[in-house]
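K.L.:
Give the three-dimensional model of this entry:
(one chain, ligands or ions: 1)
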Amino acid sequence: MKRFNYYKPRSLDEAWELKEKIPDALFIAGGTDILVGIKNGELYPPALISLRSIPELNSIKINGGAHIGALTTISDLIHHPALYNIYPVLVEAAKRLGSVQIRNVATIGGNLCNCSPCADMALPLLVLDAKVRLQTAKKNREIPIDEFFKGPGETNLTPNEILTGIVLESPRKSAKAIFLKKGRVRMDLAIASLAALMEMEGEKCQKARLAAGSVAPVPLRLFKVEAQLEGTTITDKLVAEAQQLAAESVAPITDIRATKEYRRQIVSVLVKRALKNILGWSQA
Ligand SMILES: Cc1cc2nc3c(=O)[nH]c(=O)nc-3n(C[C@H](O)[C@H](O)[C@H](O)COP(=O)(O)OP(=O)(O)OC[C@H]3O[C@@H](n4cnc5c(N)ncnc54)[C@H](O)[C@@H]3O)c2cc1C
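P.N.:
Numbers count the residues shown, from 1 in each chain. As a prediction, this is how the structure comes out:
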């Protein structure tokens with residue numbers, strides 16, 4: 001492992017100043033992805049700039065909607081006193097990420113910035129229509145999260161930009177959502193995963209959001225399936241069509257965890273389970 005300097009700024013301004021001075025330095029949050037990359041010789045930055053001691057990145061604010069600081073750990077999401085009541089799907093996904101040890105240091109921001117197709121926190125945030133707040137010393141912007149992911153390991157972040165937080169609206173009372181993950185064993189990266197959210201008015205689906213993990217270069221919104229479901233009365237036939245469309249919408253690869261054919265099949269099964277669970281037709 002190559003030697004590198006480690007900086008621990010106490011403010012965003014200090015972090016940006018360091019990044020200006022050492023352009024090849026990388027930001028580090030919990031380090032659960034980046035340190036693996038360094039140890040494996042895939043990354044060799046001259047310096048790491050830790051974001052962990054910057055107070056404004058470390059808070060969860062609930063005010064109608066929510067603002068979740070990017071440095072919030074996965075464990076903090078799980079143990080927050082109010083978050084589960086408003087966004088149960090987010091907390092359910094958090095509980096399925098890695099082990100207790102990983103969850104205690106891994107951050108929600110790091111999970112998004114690493115931009116892995118299997119990032120567990122991406123899916124609930126996609127179906128909740130979250131926005132991400134991206135900041136440099138000179139510019140602030142907020143973009144929908146589905147515009148944040150560009151490719152495996154590649155985000156919309158510009159070199160000096162820091163993901164400072166995640167902005168969520170309050171979901172409607174009629175909204176129900178679910179997160180499902182299939183791994184080889186319980187504590188594993190997903191072979192395929194799915195989050196779904198539906199707002200129903202009587203028998204009719206007013207709003208549908210579906211996002212799938214580990215089945216495309218990025219965590220993927222299933223826009224075509226959503227369009228097919230919205231404005232319709234959900235029937236068994238429609239669920240079967242949604243399964244088919246979901247399987248056609250993804251572009252999985254074969255790797256050590258599963259074949260692409262198996263992943264496609266799992267997505268189809270997860271769509272059926274998610275929809276039936278949300279509609280109260282069966283348990284997932
Ligand atoms: C044993 C093990 C099991 C795991 N299991 C899972 C799992 O089940 N599901 C899953 O989704 N992931 C899993 N992971 C991956 C990992 O834990 C998560 O992706 C984690 O959330 C990354 O967050 P972090 O704070 O550790 O990021 P870091 O490693 O610190 O950073 C990751 C990347 O994001 C950048 N970055 C971090 N924060 C910011 C920011 N605020 N602004 C700009 N750039 C930033 C860094 O420069 C780096 O490129 C696992 C990892 C390990 C080692």
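K.L.:
All the strands of the stretch 151-284 of the chain, residue numbers only.
P.N.:
154-155, 162-168, 175-182, 192-201, 204-213, 220-221 (DSSP state E, counting those that start in this stretch).
K.L.:
Which of those sits closest to the ligand?
P.N.:
When the strands of the stretch 151-284 of the chain are compared by C-beta to the nearest ligand atom, strand 162-168 sits nearest the ligand, at 3.8 Å. Where C-beta positions appear, they are placed from N, C-alpha and C, glycine not excepted.
K.L.:
which outside residues touch the closest one?
P.N.:
12, 15-16, 27, 51, 56-57, 65-70, 87, 108-109, 112-113, 125, 128, 130-136, 142, 145, 157 (C-beta atoms under 8 Å, 6 or more residues apart in numbering).
K.L.:
Need the pLDDT of the residue of the stretch 51-200 of the chain found nearest the ligand.
P.N.:
With C-beta to the nearest ligand atom as the measure, G110 is the residue of the stretch 51-200 of the chain nearest to the ligand, at 2.1 Å. Looking at G110, its pLDDT reads 98.
K.L.:
which SS class is it?
P.N.:
Per DSSP: H, G, I helix; E, B strand; the rest coil, the secondary structure class of G110 is helix.
K.L.:
For it, which non-adjacent residue is spatially closest?
P.N.:
Counting by C-beta to C-beta, 6 or more residues apart in numbering, G110 lies nearest to A29, which is 3.9 Å off, once chain neighbours are set aside.
K.L.:
coming back round to it: for L238, see how far away the residue of the stretch 51-200 of the chain closest to the ligand is.
P.N.:
Using C-beta to C-beta, to the nearest Å, G110 is found at 38 Å from L238.
K.L.:
quick one: the one helix or strand E92 maps to to strand 192-201, angle?
P.N.:
Using DSSP states H and E, E92 maps to helix 88-95. Orientation check (axes from the mean of the first three to the mean of the last three C-alpha atoms, to 10 degrees): helix 88-95 against strand 192-201 gives 170 degrees.
K.L.:
and helix 88-95, what does it pack onto?
P.N.:
helix 74-79, helix 83-86, helix 122-127, strand 175-182, strand 192-201 (3 or more C-beta pairs under 8 Å, 6 or more residues apart in numbering; DSSP states H and E).
K.L.:
ok, 10 Å please
P.N.:
Contacting helix 88-95 under the criterion 3 or more C-beta pairs under 10 Å, 6 or more residues apart in numbering; DSSP states H and E are the following elements: helix 74-79, helix 83-86, helix 108-113, helix 122-127, strand 175-182, strand 192-201.
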